[in-house]
Structures are given as C-alpha cells and as structure tokens.
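Novice: Next comes the sequence, and after it the predicted model I'd like to discuss.
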Amino acid sequence: MATTTKAIATARELSDLFAKEVSTTLPYQVSSQDTNGNPVITLSVDATPTATHKVVIIRISPMSSWSPVDCLGLTSQMYTPHQIDICTEANAASYPNVLTTVELLPILAEIAKRGMLINWYQTATTVLPTVAGITSGNLKASFADLYWNAQKAQ
C-alpha cells in the first residue's frame, strides 16, 4: 500500500521532535523511505550504525487492513488508520545496554502521543535493526492507541 500525507507529516513532526529531544543520546538521524514509499526515521549513536550500537528504526505507514470499498460497495475514500513500527536490537547478557530505558523512553513517549497502533520489533543481539527486521517473527509487542486511553483515565 502506498504511503499517505498523514504518514509523511507524522514523520516530519517526529524528526523535528527527535532532533531536539534525543540529539544527545542518538545524535545521528537519517530520513528515508521503504519500498512502498513509507517514511522511515533512523536514529543512531554514530554515522555508520552497526550491530551492538544504539540504533532505532521507526516506520510510519497506513494499516494494511484498509478496505478499498465502503459499506455501499463504492470506491472508498483513503481514510486509513496508521501504525508506527519500531525496530531495535535485543539486549543480551553480553551486550546488556544496547539501548537503555532512559534512551528509549523519550522516543516511545512521543510515538505514543500520535494515537496510532505501535508495533515494537526486536532483531536478535548482534543483528543490526533495519526495515527488513520489521517482520512478524521479530514482533515483540503491540500497543493500541496509548495516548487517548491514557487521557480517558485522567
């Protein structure tokens, strides 16, 4: 499925926020696209990320469960809920602090405010996180609309 204006705008907004909020811990930021044109943000500790370094991959895309027809069977408008996929490298005993909670918390907090489904993927230890690592076998957690649910509880 092709990307949407909402995905591109969300990626730009997150890039701007991350440039301010996590530039001391993850100073290198690269914006790119996956094969479908969905925006991808790569945050890393150095200019050439490698395995066992601090790397976070963030992809914003429309959810693929969208139906091309409405309830009348007519061509539907492109109203699509979006999802944010995060891919990180798993911590292990030999590399216990690939990414610490302190480094991940500002990223997860900003992403949770978007009102989108969040899927968190982890590659094995010593495997560099990439967009290719965003596969069902690496899915570790899914969070649905954390921001609005938190607002309702207040």
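Specialist: Looks like it arrived, so ask away.

Novice: give the contact list for Y95.
Specialist: Contacts for Y95 (Cβ atoms under 8 Å, 6 or more residues apart in numbering) come out as T52, E89, T125, T126. Heads up, the C-betas are built off the backbone N, CA and C, glycines and all.

Novice: 7 Å instead, please
Specialist: T52, T125 (Cβ atoms under 7 Å, 6 or more residues apart in numbering).

Novice: Show me what L139 is bridged to.
Specialist: In this entry, L139 is beta-bridged to Y121, by DSSP bridges.

Novice: From I118, how far off is it?
Specialist: 11 Å (Cβ to Cβ, to the nearest Å).

Novice: Run through the protein and note the low-pLDDT ranges.
Specialist: 1, 65-70, 75-79, 145-154 (pLDDT under 70).

Novice: What are the buried residues along stretch 25-33?
Specialist: With burial defined by 16 or more other Cβ atoms under 10 Å, the residues of stretch 25-33 counted as buried are T25, L26, Q29.

Novice: So which elements touch the helix or strand containing L14?
Specialist: When elements are assigned from DSSP states H and E, L14 belongs to helix 5-21. Applying 3 or more Cβ pairs under 7 Å, 6 or more residues apart in numbering; DSSP states H and E, one finds that helix 5-21 contacts strand 28-33, strand 39-44, strand 55-62, helix 101-112.

Novice: redo that, cut-off 8 Å
Specialist: If you count contacts as 3 or more Cβ pairs under 8 Å, 6 or more residues apart in numbering; DSSP states H and E, helix 5-21 packs onto strand 28-33, strand 39-44, strand 55-62, strand 82-89, helix 101-112.
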